[in-house]
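>>> can't give you the sequence, but here's the structure:
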């Protein structure tokens, strides 16, 4: 097409010269016409030589043509194209610029310069490139030249030019322009593999993700090559189950594609549910069996094993990640989660503290990133009752990620648990400067204000949030918790009932309603709320534990209480709080040996939990182990102090001492 267009230009020039009146002597116009004809002849020779791969001969012919007719822009433009094919970039640019000096609208000259600048922009993406600082300039130039190259074409514009220009539009955020080019180009070039994904990217960038998904869904019916792109877009929209289903279809055609199998497993993990977790574990087991050094697959496998309740396997897999790449924090992160799942908090400290100390300060240069481990280390200190260490660790994490609302929340909570309420208020205030609309931070701020006698101020913050974040169920829960903490139970119930009407299937609201009713001693209403949760989610361990403990605390239907608690422990067999609940139910049932076994495990695990230490002291006293009971009650007094009567525990200690043998 290009050579025929150029030939037409030369023929038109020759026709104009031939139409001039004949004169007996050679005139300047006749001389010009003759040179134009000779230039055209050289141009054709050059084109033919180029087609026969005689590039040197073609270049020589084009140069002769340029000397004969320096005003013909198409000749240097064609030479520029040939230089570009030979990857002689500077020569190509010089020839193209010469063509554009004659005719700024010359399509081939603009095409060559546009392609060259686009390539330079891509090279500039590498920070090691000397041209990286000029990347934006190259992109702008490339777009300008390529737009002229496809302006008013004869026939369809060059698809390669349109494809390159589309990528540049995506890069600069000009999504509507990209859509205009890509929508036609993808249809015209069905074999172009990148086209559909680029078009979907353009839709997404333009805020039309639903259209992108719809377009991919329609195309994927007849073209399975679209399936990976469709799955990718489902992932972007957090439509995990649909993404997993599409990956499953892809894997039917390519069962040995382990990269896709890993993506499939990751979507299953995100989708959640025991069935999906089992499928993810099995898929990842296949991957690591075939590729034992795939650290990402091993990391995800550890996650799947942990969430399936196999903490020992999760720990072993995490240690494999560490063994393969101890320079990365990923394996230690998985190990910390596996140990936390088994409530082995001292082990978390033993594993992470030396690693953090060894690698502190090395994150900034691309080294070991301790910041992802600090929250886990802080939690472990907190669970062990080492509150000052926990706070210091969270403060270090906060410095590493100063605007992360989750880290800020951990620091606020740690101060609250340590009874450092003024520090919690200040930490919440500082955190909300960077995250003014974060409802979780608002809830913590309200809690901290309540602890310092400013409950109404905290409630006002959350009441204001309801109008702005009424589409988030947690906003209702947070406000209800603030009302409940301030002994405004009726308002807590009302706001949760409003939340249930808006989110009728949300279990978190029903769970919180049960908790609020329990605090108001409306036990039948509380039980109904927790049973509503369990009707929708029979394996909700937290609801099973709350319901079982609530019955045990009142000494009612103790066999039923034990059944609820055993089921909760099936899901989380090493959860110290659940072990305490079951031990307390056995204590109320006068099954003291079973009570002691479960309460000892809970007390050893959660040494700073005052209620658990109090419970353990009770069973030890009942068994006549008075010294051990005194030690447990002393730990209760030195613990978090939540939900205990200190005077009553002092009285228990005095009574136990009176039971000791006289010296």
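That came in fine, so what should we check first? The shown structure was predicted, so the numbers you read here are calculated from the model rather than taken from an experiment.
>>> Give me the neighbour count for the residue lying closest to residue 334 once chain neighbours are set aside.
Among residues not flanking residue 334 along the chain, residue 318 sits closest, at 3.8 Å (C-beta to C-beta, 6 or more residues apart in numbering). The way it works is simple: take the backbone N, C-alpha and C, and place the C-beta from them, glycine included. Residues lying near residue 318 (other C-beta atoms under 10 Å) number 28.
>>> can you tell me how far residue 318 sits from residue 326?
Distance, residue 318 to residue 326, by C-beta to C-beta, to the nearest Å: 12 Å.
>>> what's the answer for residue 620, then?
Plainly put, residue 620 is 44 Å away from residue 326 if you go by C-beta to C-beta.
>>> Between the two, point out the one with more neighbours.
residue 620 (25 against 12).
>>> Tell me the helix or strand right after whichever helix or strand residue 425 is part of.
Using DSSP states H and E, residue 425 falls within helix 421-434. Going down the chain from helix 421-434, the next helix or strand is helix 439-451, by DSSP H and E.
>>> what sits against the closest residue to residue 429 other than its chain neighbours?
Leaving out its chain neighbours, the residue that sits closest to residue 429 by C-beta to C-beta, 6+ apart is residue 445, at 7.1 Å. For residue 445, the contacting residues are 412, 425, 428, 429, 432, 458, 461, by C-beta atoms under 8 Å, 6 or more residues apart in numbering.
>>> Repeat that for residue 463.
residue 479.
>>> how near is it to residue 442?
As for residue 463, its distance to residue 442 is 10 Å (criterion: C-beta to C-beta).
>>> now swap in residue 622 and tell me
In terms of C-beta to C-beta, residue 622 sits 45 Å off from residue 442.
>>> Between these two, which has more neighbouring residues?
residue 442 (24 against 14).
>>> Check the more buried one and give its pLDDT.
Predicted confidence (pLDDT) for residue 442: 95.
>>> list the contacts for it?
432, 461, 462, 465, 478.
>>> from those, which ones fall inside helices?
Secondary structure from DSSP state H places 432, 461, 462, 465, 478 of the contacts of residue 442 in helices.
>>> Make JSON lines from those residues and add neighbour count and distance to residue 657 to it.
Shown next, in JSON lines, are the ones in helices among the contacts of residue 442 (neighbours: other C-beta atoms under 10 Å; distance: C-beta to C-beta, whole Å):
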{"residue": "432", "neighbour count": "18", "distance to residue 657": "49"}
{"residue": "461", "neighbour count": "20", "distance to residue 657": "48"}
{"residue": "462", "neighbour count": "23", "distance to residue 657": "47"}
{"residue": "465", "neighbour count": "21", "distance to residue 657": "51"}
{"residue": "478", "neighbour count": "25", "distance to residue 657": "45"}
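>>> if we can go back for a sec, ok now the helix holding residue 425, how far from the chain's centre?
Taking C-alpha atoms, centre = their mean, to the nearest Å, one finds the center of helix 421-434 at 26 Å from the center of the full chain.
>>> If I take that helix and helix 439-451, what angle do their directions form?
Comparing the axes of helix 421-434 and helix 439-451 via axes from the mean of the first three to the mean of the last three C-alpha atoms, to 10 degrees yields an angle of 150 degrees.
>>> Helix 421-434 packs against which elements?
In terms of contacts (3 or more C-beta pairs under 8 Å, 6 or more residues apart in numbering; DSSP states H and E), helix 421-434 is packed against helix 405-417, helix 439-451.
>>> Let me know the angle separating the last one from helix 405-417.
The directions of helix 439-451 and helix 405-417 differ by 20 degrees, with the same axes, to 10 degrees as the criterion.
>>> and stretch 620-637, which residues are buried?
620, 621, 625, 626, 628, 629, 630, 631, 632, 633, 635, 636 (16 or more other C-beta atoms under 10 Å).
>>> Let me know the closest of the residues you listed to residue 383.
Ranked by distance to residue 383 (C-beta to C-beta), the buried residues of stretch 620-637 are led by residue 635 at 14.1 Å.
>>> ok, the residue lying closest to the closest one once chain neighbours are set aside - how many residues close by?
In space, and not counting its chain neighbours, residue 635 is closest to residue 613: 4.3 Å by C-beta to C-beta, 6+ apart. Per other C-beta under 10 Å, the neighbour tally for residue 613 reads 28.
>>> Look up how far residue 518 lies from residue 643.
Residue 643 is 12 Å from residue 518, by C-beta to C-beta.
>>> which one of the two has more residues nearby?
Counting neighbours by other C-beta under 10 Å for residue 643 and for residue 518 shows that residue 518 has the greater number, 20 against 9.
>>> Give me the pLDDT for the nearest residue to residue 66 once chain neighbours are set aside.
Ranked by C-beta to C-beta, 6+ apart and with sequence neighbours excluded, the top spatial neighbour of residue 66 is residue 75, at 5.0 Å. With respect to pLDDT, residue 75 has a value of 88.
>>> buried set for the helix or strand harbouring residue 75?
Element membership of residue 75 [criterion: DSSP H and E] is helix 74-85. For helix 74-85, the neighbour count (16+ other C-beta under 10 Å) marks 74, 75, 76, 77, 78, 79, 80, 81, 82, 83, 84 as buried.
>>> Make a markdown table out of these and add distance to residue 300.
Compiled in a markdown table, the buried residues of helix 74-85 are given as follows (distance: C-beta to C-beta, whole Å):
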| residue | distance to residue 300 |
| --- | --- |
| 74 | 58 |
| 75 | 60 |
| 76 | 57 |
| 77 | 54 |
| 78 | 55 |
| 79 | 55 |
| 80 | 51 |
| 81 | 49 |
| 82 | 51 |
| 83 | 49 |
| 84 | 45 |
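>>> show me what contacts the residue sitting nearest the centre point of the chain?
The residue lying closest to the centre of the chain (C-alpha atoms, centre = their mean) is residue 236, at 9.2 Å. By C-beta under 8 Å, 6+ apart, residue 236 lies in contact with 204, 209.
>>> Please tell me how far it sits from residue 216.
On the measure of C-beta to C-beta, residue 236 and residue 216 end up 12 Å apart.
>>> residues near the closest residue to residue 624 other than its chain neighbours, how many?
Spatially, and ignoring its direct neighbours in sequence, residue 624 is nearest to residue 659 (7.8 Å; C-beta to C-beta, 6+ apart). By other C-beta under 10 Å, the residues close to residue 659 number 12.
>>> distance of residue 659 from residue 587?
Relative to residue 587, residue 659 is positioned 18 Å away (C-beta to C-beta).
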